[in-house]
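Trainee: A structural model of the following input is requested.
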Amino acid sequence: MVHSAYDAVELAAGVPGRIEAVASHAGKLLVAASDSEGFLRGSDCSLRIYSAPASSPEGGGEIRWDGPYALERQEPRFWRRPPLAMEVSASRDLLLSLSEWIALHRLPGLETVAVVSNKTKGANVFAWDDRRGLLAVGRQKRLTVFRLDSGREFVEVKEFVVPDILKSMAWCGDNICLGIRREYMIINSMTGALTEVFSSGRIAPPLVVPLPTGELLLGKIRSLRAPNALVQTVVLRDVQKLVQTDNCILAALSNNVYGLLPVPIGAQIVQLTASGEFEEALALCKLLPPEDSNLRAAKESSIHIRYGHFLFDSGSYEEAMEQFSDSHVDITYVLSLYPSIVLPQTHIIGEHDKLLDMPELARESSDVTDEMESYSLQLHESDDKSPLEVKKMSHNALVALVKYLQKKRSGIIERATAEVTEEVVSGAVHHSLILSEPYKPKKLSKKRAQTHTSSIAREMATVLDTSLLQAFILTGQSSGAIELLKGLNYCDLKICEEFLKERSEYMVLLELYRSNEMHREALQLLNQLVEESKSEMENTDFNKKFNPQMIIEYLRPLCRSDPMLVLESSLYILERNPSETIELFLSENVPADLVNSYLKQHAPNLQSTYLELMLSMSETGINPNLQNELVQLYLSEVLDWYKILKEEGNWTEKTYSPTRKKLISTLESNSGYNTDLLLKRLPQDALFEERAILYGKINQHLRALSLYVHKVPFLFLQMPERAVAYCDRVYEEGAQQPSKSNIYFNLLQIYLNPRKVEKEFEQKIIPVASQYPGIQKASATKVKGVRTGKKVVEIEGADDIRFSPSGTDSGRSDGDGDDVNDGGPIMLNEALELLSQRWDRINGAQALRLLPRDTKLQDLVSFLEPLLRNSSEHLRNYLVIKNLIFRANLQVKENLYKRRQAVVKIDENSMCSLCHKRIANSAFAIYPNGQTLVHFVCFRESQQIKAVRGANSVKRR
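Mentor: Take a look at the predicted model:
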């Protein structure tokens, strides 16, 4: 868009003759014009000086427009020929002109200062370096450099030969840029080194223009295309010269001089903004003076806002958000463009309201406010216009809003976090002051209340996060909303909760509850969703989305912080996913006692399930209390089941329910339960296998074996095999204890001497009964049973009597049992089978003494043969070892004798190490090292001295 960057004003009109050159000095125009007659003859040229109207104030040496310039002074025939160029040195008040030669005149009087006629006559171009006072003159194919000496004469410095006639030139530091033919070259003014730059093109001649920044502008034919767009067209015909001054451009026509005065930047910005050229307007804002930084910021903000609305209405939402972001307007203003976004109530003061406090920005801020109000009215009016509403609330508009809010979020959240940190520090300081001055609590608390203010940054963060979450949901980016809630956020709970419930965004709602530590509400929602998914199986997506595993995963991080909440919320999943729930309790180290007690009170039917899975999944096992709890649960269930079957008359020892199998397995594999308590609960006429296991746990092996032999049913193994398997297990568990080997002898006693075992039982029953009155009746029953010939012993209360494992070392039984043992015929075949299978674990002599006298030797071959063979082999091994030890002893003695046969040579030079006298023919002694020789007398005296000293030291102690 073309706008008015310059105002073309006619400064001087009707100049007589033809204008050849123009310049300015101290706000005045210097015009070189050919005389009318001289114009016809092509000779003399006058200098005309024009000044501004007298009524205008001093312009500070700049060209300004307050009316046509009037002729102030004229110097006729100032040059003999029309000048080719004319330049003013403002710092030196000099006028340089090139006519026939270079002439230098003083301004404003126009006194001639210097004339360089010899070396510059016929020159066609020159360049002046005002800072250093250097003059470069081009004549034909020569370049001459002069220096202005003392401000009155030029002194030649250098002269160089160039390839062709010079058409233009300009200084650039120590170098001079030359336009020669169709090329640009640079020559060093000190050395004359010439360097080619580039070509100027085939049509246009080379043009070198110095810029105020010290750079050079080199002309080359180019088209006016983007980004070099046309700004303004000034219609002036027959322009002869264009000269740049400090504040304007002078255009010299044949008889007129026009000034192209720049339009104020503020006015240009208004023009561009009104015409919709926002980019150009923003670019001009950067040219405003630095001292007007606040004004520039206000203008830029206003332009960005206008530009943002223009782009938003055009459907370029992302570009519009970029403009709103650059305008630094509050996010609440941008969010007002989205009526579907619900905002929380805040006390935020917008940036445009803050601008009202600055008088110099009142106009700009009012413009911004008017824009905001106008667009707000448009939004309210658009409620009746569904197309506009649909357009603004389209998917693309919301996506652009998401990007805008994400871009703004980091800075706002950082400020909000800083406020929170500051409040925490202030609170800590306040608390320390209270502790240090306990006698002034009221005054300090009052001061604290006065300093408390609402957090603007946190309110802004609340607005941003609440809006961002809604924008995420409206654009279908639920994952983005979840990620927002997982980190630090300031979402308004009430607004977001209602919004998510309306749109059934339950996954995001769960994360919202989690981020606000509303775990109970989250778990209630999860249970509800899982139940709904279970009842609506046809909705496969819903069923896959919500399942009990989600509750487990939600509870996992809460196990350490709030275990009671975990227990309250785990009943649902414990019924449906017991193994996963128990694994959760174990992996997160939820106290087992706490879990067990909670289940015992609120879900007794799940208690055994929990303890079973915990026992099976825990590598280290569970503590004894929980083991005992599990066994007691099993036993209670088995006893109830036993009573029912007994009442129905269907009870037999061969009946095994799943719970009884679990009880037996648990009793065998664990030992942390209370054995005495369990024995008291067992009935006297049933559950013999459980009783046998318990006796084994307290080392009452004879009792256990008696039950295995006579009472435990032969369901899986035959009777001898069950007893032998028990002995094997006890023997292997106590392999390091020699007394355990007598377990097989106990079994032999039961097989071969049942009467003796029964008698030992009876001898122990009465003392036991005296300790436990509850079993006296049972003891009387046992004695009566013996008299009638049926050898039956009922056991009750004997579980409280403990026997040490060492009690099996003798030939006596280790168990003072009160169980039933059949006093009938001996079990010789089973005893012989045991001897043949376990001959290496039984004392052969004791076993033979226990066998009946009428036992045939042929029946003992399988026992005696390996036993005797093993004994013979051991005897041979012992003899070999004995001989080897004897031989080693002989070798040691031989080495000792060799050591004692050391040879010591005594001559006349041998000295006593104690008295330092010669030994000669005296008796001597030698120390064990074989080198120290002493007199025998000296050695004996030294030993006596040591003995005396040792006795004295003992007395002192």
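
Trainee: can you pull out the strands in the stretch 801-950 of the chain?
Mentor: 924-926, 933-935 (DSSP state E, counting those that start in this stretch).

Trainee: and those, which is most packed in?
Mentor: Most buried of these, by mean neighbour count (mean count of other Cβ atoms under 10 Å): strand 933-935, with a mean of 19. (Glycine included, C-beta is placed from N, CA and C.)

Trainee: for that one, packing partners?
Mentor: Helices and strands touching strand 933-935, by 3 or more Cβ pairs under 8 Å, 6 or more residues apart in numbering; DSSP states H and E, are strand 924-926.

Trainee: And for the strand it packs on, what's in contact with it?
Mentor: 902, 904, 906, 910, 912, 932-936, 939 (Cβ atoms under 8 Å, 6 or more residues apart in numbering).

Trainee: Give me the buried subset of those residues.
Mentor: The neighbour-count test (16 or more other Cβ atoms under 10 Å) applied to the contacts of strand 924-926 identifies 912, 933-935, 939 as buried.

Trainee: follow-up on the earlier one: just give me the least confident of the contacts of strand 924-926.
Mentor: Among the contacts of strand 924-926, residue 902 carries the lowest pLDDT, at 71.

Trainee: Let me see the contact set for that residue.
Mentor: Per Cβ under 8 Å, 6+ apart, neighbours of residue 902: 926, 930.

Trainee: residues contacting residue 272?
Mentor: By Cβ under 8 Å, 6+ apart, the residues touching residue 272 are 1, 3, 278, 280-281, 284.

Trainee: go with 7 Å
Mentor: Contact analysis of residue 272 by Cβ atoms under 7 Å, 6 or more residues apart in numbering lists 3, 280-281, 284.

Trainee: if we can go back for a sec, is it possible to get TSV of the buried ones among the contacts of strand 924-926 that adds distance to residue 696?
Mentor: Compiled in TSV, these are given as follows (distance: Cβ to Cβ, whole Å):
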residue	distance to residue 696
912	78
933	74
934	73
935	77
939	70
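
Trainee: quick revisit: okay if I get the strands of the stretch 801-950 of the chain as CSV plus distance to residue 264?
Mentor: Listed next are the strands of the stretch 801-950 of the chain as CSV, based on distance: least, Cβ to Cβ, whole Å:
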stretch, distance to residue 264
strand 924-926, 125
strand 933-935, 125
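
Trainee: Ok, which of those comes nearest residue 503?
Mentor: In terms of Cβ to Cβ, the element of those nearest to residue 503 is strand 924-926, at 108.8 Å.

Trainee: Can you give the distance of that closest one from its chain's centre?
Mentor: 84 Å (Cα atoms, centre = their mean, to the nearest Å).

Trainee: Same question for stretch 118-137.
Mentor: That offset, for stretch 118-137, works out to 71 Å (Cα atoms, centre = their mean).

Trainee: what's the answer for stretch 833-840, then?
Mentor: Computed by Cα atoms, centre = their mean, the chain-centroid distance of stretch 833-840 equals 69 Å.

Trainee: Please apply the same query to stretch 837-844.
Mentor: When C-alpha coordinates are averaged (Cα atoms, centre = their mean), stretch 837-844 and its chain have centres 69 Å apart.

Trainee: Could you do stretch 685-702 as well?
Mentor: Remark: stretch 685-702 is offset 59 Å from the chain centroid, using Cα atoms, centre = their mean.

Trainee: Could you pull up the mean pLDDT of it?
Mentor: Mean predicted confidence for stretch 685-702 is 79.

Trainee: For that stretch, buried residues please.
Mentor: Buried residues in stretch 685-702 (16+ other Cβ under 10 Å): 686-702.

Trainee: again with stretch 418-425
Mentor: Neighbour-count burial for stretch 418-425, counted by 16+ other Cβ under 10 Å, picks out residue 419.

Trainee: So which elements touch the helix or strand hosting residue 745?
Mentor: Using DSSP states H and E, the element containing residue 745 is helix 743-752. Other helices and strands packing on helix 743-752, by 3 or more Cβ pairs under 7 Å, 6 or more residues apart in numbering; DSSP states H and E, are helix 701-710, helix 719-733, helix 754-771, helix 828-837, helix 844-850.

Trainee: For stretch 158-174, output the C-alpha coordinates as PDB.
Mentor: The C-alpha trace of stretch 158-174 is given here as PDB (Å, rounded to 0.1, in the frame of the first residue of the first chain):
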ATOM      1  CA  LYS A 158      48.900  11.200  -4.100                       C
ATOM      2  CA  GLU A 159      48.200  10.700  -7.800                       C
ATOM      3  CA  PHE A 160      47.100   7.400  -9.300                       C
ATOM      4  CA  VAL A 161      46.400   6.200 -12.900                       C
ATOM      5  CA  VAL A 162      43.100   4.500 -13.400                       C
ATOM      6  CA  PRO A 163      41.900   2.200 -16.300                       C
ATOM      7  CA  ASP A 164      39.300   4.600 -17.700                       C
ATOM      8  CA  ILE A 165      37.500   7.900 -17.200                       C
ATOM      9  CA  LEU A 166      36.000   8.300 -13.700                       C
ATOM     10  CA  LYS A 167      32.200   8.700 -13.700                       C
ATOM     11  CA  SER A 168      31.500   8.700  -9.900                       C
ATOM     12  CA  MET A 169      33.400   8.300  -6.700                       C
ATOM     13  CA  ALA A 170      33.000   8.400  -2.900                       C
ATOM     14  CA  TRP A 171      35.300   8.000   0.200                       C
ATOM     15  CA  CYS A 172      35.100   4.900   2.300                       C
ATOM     16  CA  GLY A 173      37.700   5.200   5.100                       C
ATOM     17  CA  ASP A 174      41.200   5.100   3.600                       C
END
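
Trainee: how about the strands of the stretch 501-650 of the chain, start to end?
Mentor: Going by DSSP E, counting those that start in this stretch, the stretch 501-650 of the chain shows no strands.

Trainee: which of the buried ones among the contacts of strand 924-926 lies closest to residue 648?
Mentor: residue 939 (101.5 Å).

Trainee: hmm, back to that, so which of the buried ones among the contacts of strand 924-926 comes closest to residue 179?
Mentor: Using Cβ to Cβ, the buried ones among the contacts of strand 924-926 come closest to residue 179 at residue 933, 119.8 Å.

Trainee: Hmm, that closest one is touching residue 910, no?
Mentor: Yes - Residue 933 is within contact range of residue 910, at 5.8 Å (criterion: Cβ atoms under 7 Å).

Trainee: Now list whatever residues contact both of those two.
Mentor: What both residue 933 and residue 910 touch, as defined by Cβ under 7 Å, 6+ apart, is the set residue 919.

Trainee: one step back: which among the strands of the stretch 801-950 of the chain is found nearest to residue 29?
Mentor: Residue 29 sits nearest to strand 933-935 of all the strands of the stretch 801-950 of the chain, at 134.7 Å, using Cβ to Cβ.

Trainee: Residues in contact with that closest one: which ones?
Mentor: So strand 933-935 is in contact with 910, 912-915, 919, 922, 924-926, going by Cβ under 7 Å, 6+ apart.

Trainee: And the furthest pair within these?
Mentor: 915 and 926 (15.4 Å).

Trainee: partners of the helix or strand where residue 176 lies in the sheet?
Mentor: For residue 176, the enclosing helix or strand under DSSP H and E is strand 175-180. According to DSSP bridges, strand 175-180 forms sheet pairs with strand 166-172 (antiparallel), strand 183-188 (antiparallel).

Trainee: Beyond the shortest one, next helix or strand please.
Mentor: Spelled out, that is strand 183-188. Assignment by DSSP H and E places the next element after strand 183-188 at strand 194-199.

Trainee: Using CSV, write down the CA coordinates of that following strand.
Mentor: Output of strand 194-199 as CSV, limited to C-alpha atoms (Å, rounded to 0.1, in the frame of the first residue of the first chain):
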residue,chain,number,x,y,z
LEU,A,194,43.0,-1.4,-7.2
THR,A,195,40.3,-4.0,-6.5
GLU,A,196,37.3,-4.9,-8.7
VAL,A,197,33.9,-5.1,-6.9
PHE,A,198,31.2,-5.9,-9.4
SER,A,199,29.5,-4.7,-12.6
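
Trainee: Show me what that strand is packed up against.
Mentor: Using 3+ Cβ pairs under 7 Å, 6+ apart: strand 194-199 touches strand 183-188.
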